[in-house]
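1. Fold the following for me, if possible:
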Amino acid sequence: MQSYSDKFAFQVTVSPSEVSYSYSIKAALHLGSETPLVDAKCGPSGLCNQSAAATSPSFCSCVHQGFSAAVSPPDWNMDDTSRGCRRNVPLDCGGSRSSSTDWFAALPGVKLPDTLNSSLDMGITLDQCRARCLANCSCVAYAAADIQGSGDGSGCLMWPENLIDLQYLGGWQTLYIRLAKSESGKRKERSLLEWRKRLQIILGIAEGVKHLHEGEGSAGNVIHRDLKPANVLLDGG
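-> Below you'll find the model as predicted:
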């Protein structure tokens, strides 16, 4: 994944009453007219990501697979991304940590969203921040307020609404996004399906090798000089 962290000068200001993040373009840097890194326009819950251009006509994507574009795919591909993304499944909030079934997905390497309406507490740990966000029905994401020390950082930033101006820059900070429990199940199901497909491929290769040695008409003296994944031809079925 391409990183632009060396092309910006970052500054973090932390005080008992506020925390702010700022960045500026280093001198003599030309980003080109097509990059959205300086002025992201991916809308609420959208992520500006240069690497997305490899698989999508747009630099914008949703922050997680638990979100979908707020417009039709054709409109999104035509760069109509300002309306951002919306959740696939509503959050489950029972008003307490013990009753909510929601969970958090980590989104590393990002410049944190606009902090205009976020809340700050420098006196708690990141684990305590997670618990506080989970117990707050309006909290949709959290992050460490101070990452200058070791570990995952300290302090707590929480966002009560849609995430705006979220950008992937690489090697920056981790944002934890709140998702419904069912999204966790879908992720596990996708992983299981991917593993089953791999298993089918492995069994198919083994069956083919066995046929070379023991199949009808086989001389039984086949020498395998370069059997590796790169040399396995898949039929796409």
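2. distance of Asp80 from Leu47?
-> Asp80 sits at a distance of 16 Å from Leu47 (criterion: Cβ to Cβ, to the nearest Å). From N, CA and C alone the C-beta is placed, and that goes for glycine too.
3. more neighbours, those two?
-> Between Asp80 and Leu47, counted using other Cβ atoms under 10 Å, the more crowded position is Leu47 (24 against 16).
4. which SS class is the more buried one?
-> Using DSSP: H, G, I helix; E, B strand; the rest coil, the structure places Leu47 in strand.
5. just Leu212 next, same as before
-> helix.
6. go on, Gln128?
-> helix.
7. Touching, it and Cys156? I think so.
-> Yes - counting by Cβ atoms under 8 Å, Gln128 does reach Cys156; the two are 7.0 Å apart.
8. between these two, who's got more neighbours?
-> Neighbour comparison, Gln128 and Cys156: the larger count goes to Cys156, with 27 against 14 (by other Cβ under 10 Å).
9. For the nearest residue to the more buried one once chain neighbours are set aside, give me the pLDDT.
-> Leaving aside its sequence neighbours, Cys156 sits nearest to Cys129 (Cβ to Cβ, 6 or more residues apart in numbering; 3.4 Å). pLDDT, Cys129: 95.
10. go on, the one 10 residues further on?
-> According to the predicted model, the pLDDT of Cys139 comes to 94.
11. Identify the residue spatially nearest to it, adjacent ones excluded.
-> For Cys139, ignoring the flanking residues on the chain, the nearest one in space by Cβ to Cβ, 6+ apart is Cys133 at 4.0 Å.
12. How about the secondary structure of that neighbour?
-> Under three-state DSSP, Cys133 falls in the helix class.
13. Is Cys133 in contact with Ala143, as I believe?
-> No - at 9.8 Å, Cys133 and Ala143 do not qualify as touching, with contact defined as Cβ under 8 Å.
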